[in-house]
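Sharing a model that was predicted from the sequence below.
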Amino acid sequence: LGPAAFILTGERARPGAEPREELGRMLTAHPQFARAAANMFWTRLMGFGIVEPFDEFDLARQDPRNLPQGWDLQPSHPELLDALARDFRTHNYSVKRLLATVARSSAYQLSARYEGEWKDGYTKYYARKFVRMLSAEELHDSITLATNRPGSFSFGGEKMGMAMQLSGPAGGGDIKYFMQTFGQSNRNNPPRPLTGTPLQPLLLMQSPVVTDRVMAAKDSRVQRLLDTYKEDNAKVVDELFLATLSRPPSESERRVGLEALGLDRKTGAQNLQWALLNQVEFFFNY
């Protein structure tokens, strides 16, 4: 056998160069790298990809101007995919810019509600926001941010508070069980599809990952709010809604929250944040 060659171009490593560095150079220089990356991040933000499944590209079916007779074009919007990939390349493969570009688009900012009669044929046009369940890491970190109680992970000798700061699964006991129930990969198996199970709402109600963090203790958000607004229960209710659901409460929700705090301020605030974390709108992205 001859020297190894890059599968997409047939290019070989330069004499004397480190093979892995050469593979990285050839891989990122190929247009498919930027195209696949753009499609993957689009999929994460939009719910499904321009090429779907996002990791099953057929390179013979990407160009509408050079499509074999009788074959179907794979991307739903090839010009959009090429534009995203081109912008990704020309801005030094900045993931931050790519995510911001998609997030600023009118397609991403559409409501999940659709006025009028919805038809399946509209799906490929991204005519509305498609609701998706948060991944295990996203859900854990959202609970962390809402309650102001970070996790306790170790990575490279440093302490980390967020699951998404890690390169792989970490934690044990309750956190490990919680994350795996919500679909986290263990690196031996791929992540499971984010389909709902009866165990998931039970964990949100009963797991210490949630119940310990809503307590008015250990500098939690509930504790801070109760200490800061000693005579203003309405402010506590409003701040808990903003921190947990990123919106103010409705009048009826505010009334229920004030009634709970009026009966027992500490217990009421703890119960209110627990209830908000168990709202469908908390663990789904709309």
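On my side now, so go ahead.

Can you say which helix or strand has residue 21 in it?
Counting by DSSP states H and E, the element that carries residue 21 is helix 19-29.

Let's see that helix as PDB, backbone CA atoms only.
Listed next in PDB are the C-alpha coordinates belonging to helix 19-29 (Å, rounded to 0.1, in the frame of the first residue of the first chain):
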ATOM      1  CA  PRO A  19       0.500  13.400  10.000                       C
ATOM      2  CA  ARG A  20      -2.200  14.500  12.400                       C
ATOM      3  CA  GLU A  21      -1.500  18.200  11.700                       C
ATOM      4  CA  GLU A  22      -1.600  17.500   8.000                       C
ATOM      5  CA  LEU A  23      -5.000  15.700   8.400                       C
ATOM      6  CA  GLY A  24      -6.300  18.700  10.300                       C
ATOM      7  CA  ARG A  25      -5.000  21.100   7.600                       C
ATOM      8  CA  MET A  26      -6.600  19.100   4.700                       C
ATOM      9  CA  LEU A  27      -9.800  18.500   6.600                       C
ATOM     10  CA  THR A  28     -10.500  22.100   7.500                       C
ATOM     11  CA  ALA A  29      -9.400  23.400   4.000                       C
END
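
Could you list every helix and strand in contact with the next helix-or-strand element following it?
Moving toward the C-terminus from helix 19-29, the next helix or strand (DSSP H and E) is helix 31-46. Counting contacts by 3 or more C-beta pairs under 8 Å, 6 or more residues apart in numbering; DSSP states H and E, helix 31-46 packs against helix 78-90, helix 95-103. From N, CA and C alone the C-beta is placed, and that goes for glycine too.

could you say what helices and strands the longest one packs with?
Here helix 78-90 touches helix 31-46, helix 95-103, going by 3+ C-beta pairs under 8 Å, 6+ apart.

hey, which of those is tucked in deepest?
helix 31-46 (a mean of 19; mean count of other C-beta atoms under 10 Å).

from the chain's centre, how far out does it sit?
15 Å (C-alpha atoms, centre = their mean, to the nearest Å).
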